[in-house]
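J.: my questions concern the predicted model and sequence given below.
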Amino acid sequence: MRLKKFCLVAFTALVANFSFAQEGVPIYSDYLTDNYYLIHPSMAGVANCAKVRLTARQQWFGVDDAPSLQTLSVNGRIGDSPVGVGGILFNDANGYHSTVGGYATFAYHLMFSRNEIDLNMLSFGLSAGFLQYKLDETDFLAPGEFDQAIAGIEQSATNFNIDFGFSYHFLDFYAHFTAKNILANEGINFNDQGFEFDNLRTYLASMGYTFSKFGSDWSYEPSIMYMYRDATEESSIDINAKVYREMDFGKVWGGLSYRRSLDGAEFVDGSGTSSQKLQYFTPFVGVDYNNFVFAYTYSYQANTVNFNTGGFHQITLGYNFNCRREKYECNCPAIN
């Protein structure tokens, strides 16, 4: 059992280009389930409703101490002002490592529209948060064993960081840019082993457009997102397709996301060396029922060499409140 846990920790460290436990809220595909605020602070209060979103993600069912993530976010506009506020709480557990934290967000929305029909808005957002990292070494050694490199206790460290970004919405088009973890924190160094990370900056850029025919209940939203990690110079791209269907009770929607790393990793394959690039397929479905939101996301790692083929499951529950009338004549699901 202990060997299995050590292998899990080692493997998750090797695939850190997909999810860094120390970077704050991990960047998966849950932003596609009406949750853009989770990765872009400029989206706080952008919609005509205030939003609460709860997500729970579990990876590799049947594997002890497999990665899991829970997030709770809320955001909304302050009255009729251009100011939006929000907050995020999260718990990210990965083997013996875990991160808990919270963010508070301030956003400001500038309207360039000549009236309330045409949407033309530039938004800015700033999030500040505290993150606590933990390493549980209490089960590393059997009773009576000693290892100078293992303290045998639960260690923790706390950092403060900020995210900043902007969003632009013009009719059916949108674009976002966010710089996460802007501050250079003092390195995290458990047991003085020399494993320090003081540059956690990650840059996100995304854009999309929503198409529909006049009078049709169907609409289609292709989008892309590019992610770049400054310290390791790793990058990846998401290519997304989403479809909506208007219903009497609200809306049903679904789609497919494909994530591919732009950097390959080499590994020994028999007598030679091979390489592969991390890639994920993520189908998702959801329904807006009155003011409630329900969504399910499944991620499948499509690589020759991987730890487990069980996939990653995620549930999203949401509630919209303090809704105002829909002002803009546009196919803009994130706004109306």
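T.: Okay, I see it.
J.: and the helices in the protein?
T.: All helices of the chain, identified by DSSP state H, fall at 2-14.
J.: residue ranges with poor pLDDT in it?
T.: Low-confidence segments of the chain, defined by pLDDT under 70: 1-22, 61-62, 138-153, 186-197, 265-275, 303-310.
J.: determine the longest strand present in it.
T.: As assigned by DSSP state E, the longest strand anywhere in the chain is strand 250-269.
J.: what segments of the stretch 1-150 of the chain are strands?
T.: Taking DSSP state E, counting those that start in this stretch, the strands of the stretch 1-150 of the chain run over residues 50-59, 68-77, 83-94, 97-111, 120-136.
J.: over to the stretch 201-336 of the chain?
T.: Here the stretch 201-336 of the chain has its strands, by DSSP E, counting those that start in this stretch, at 202-209, 218-229, 234-246, 250-269, 272-289, 292-301, 312-321.
J.: mind listing what's buried in the fourth one?
T.: It stands for strand 250-269. Buried positions in strand 250-269, judged by neighbour count with 16 or more other CB atoms under 10 Å: 251, 253-255, 257, 259, 261. Any C-beta I mention is one placed from the backbone N, CA and C, and that applies to glycine too.
J.: off-centre distance for that strand?
T.: Relative to its chain's centre, strand 250-269 lies at 13 Å (CA atoms, centre = their mean, to the nearest Å).
J.: report the angle between that strand and strand 218-229.
T.: Computed by axes from the mean of the first three to the mean of the last three CA atoms, to 10 degrees, the angle separating strand 250-269 from strand 218-229 equals 40 degrees.
J.: need the contact partners of strand 250-269.
T.: If you take CB atoms under 8 Å, 6 or more residues apart in numbering as the criterion, strand 250-269 is touched by 14, 17-18, 29, 32, 221, 233-245, 273-290, 305, 333.
J.: would you list the buried entries among those residues?
T.: By 16+ other CB under 10 Å, the contacts of strand 250-269 give 17-18, 29, 32, 221, 234, 236-238, 240, 242, 244, 276, 278, 280-282, 284, 286-288, 333 as buried.
J.: spit out the contact partners of residue 248.
T.: Contacts of residue 248 (CB under 8 Å, 6+ apart): none.
J.: how about residue 237?
T.: Applying CB under 8 Å, 6+ apart, we find residue 237 in contact with 224-227, 259-260, 262.
J.: on that earlier part again, for the longest strand of the chain, list the C-alpha coordinates in CSV.
T.: Extracted in CSV, the C-alpha atoms of strand 250-269 (Å, rounded to 0.1, in the frame of the first residue of the first chain):
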residue,chain,number,x,y,z
GLY,A,250,-34.3,27.1,-19.4
LYS,A,251,-31.5,25.7,-21.5
VAL,A,252,-29.7,22.4,-22.2
TRP,A,253,-26.1,22.4,-23.4
GLY,A,254,-23.1,20.2,-24.0
GLY,A,255,-19.8,20.0,-25.9
LEU,A,256,-16.3,18.6,-26.2
SER,A,257,-13.0,20.1,-25.2
TYR,A,258,-9.6,18.8,-26.4
ARG,A,259,-6.4,19.8,-24.5
ARG,A,260,-3.0,19.2,-25.9
SER,A,261,0.4,20.1,-24.5
LEU,A,262,2.7,21.8,-26.9
ASP,A,263,5.7,20.3,-25.2
GLY,A,264,6.6,16.6,-25.4
ALA,A,265,8.1,14.3,-22.7
GLU,A,266,10.6,11.5,-23.5
PHE,A,267,10.4,8.1,-22.0
VAL,A,268,12.2,4.7,-22.4
ASP,A,269,10.3,2.4,-24.8
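J.: give me the sheet partners of that strand and which way each runs.
T.: Partners of strand 250-269 in the sheet, by DSSP bridges, are strand 234-246 (antiparallel), strand 272-289 (antiparallel).
J.: switch those over to TSV; also include distance to residue 73.
T.: TSV is the format used below for the strands paired with strand 250-269 (distance: least, CB to CB, whole Å):
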stretch	distance to residue 73
strand 234-246	20
strand 272-289	16
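J.: list the contacts of residue 171.
T.: Residue 171 neighbours (CB under 8 Å, 6+ apart): 118-120, 330, 332.
J.: report the separation between it and residue 212.
T.: As for residue 171, its distance to residue 212 is 12 Å (criterion: CB to CB, to the nearest Å).
J.: now do stretch 128-141: distance to the chain's middle.
T.: 21 Å.
J.: may I have that stretch as CSV, with CA atoms only?
T.: Extracted in CSV, the C-alpha atoms of stretch 128-141 (Å, rounded to 0.1, in the frame of the first residue of the first chain):
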residue,chain,number,x,y,z
ALA,A,128,-6.0,38.4,-4.1
GLY,A,129,-5.7,35.2,-2.2
PHE,A,130,-3.9,33.2,0.5
LEU,A,131,-2.8,29.6,-0.2
GLN,A,132,-1.7,27.0,2.4
TYR,A,133,0.3,24.1,1.2
LYS,A,134,0.6,20.9,3.3
LEU,A,135,2.8,17.8,3.2
ASP,A,136,1.7,14.9,5.4
GLU,A,137,4.7,12.8,6.2
THR,A,138,3.1,11.0,9.2
ASP,A,139,2.7,7.7,7.2
PHE,A,140,6.0,7.8,5.4
LEU,A,141,7.9,5.7,8.0
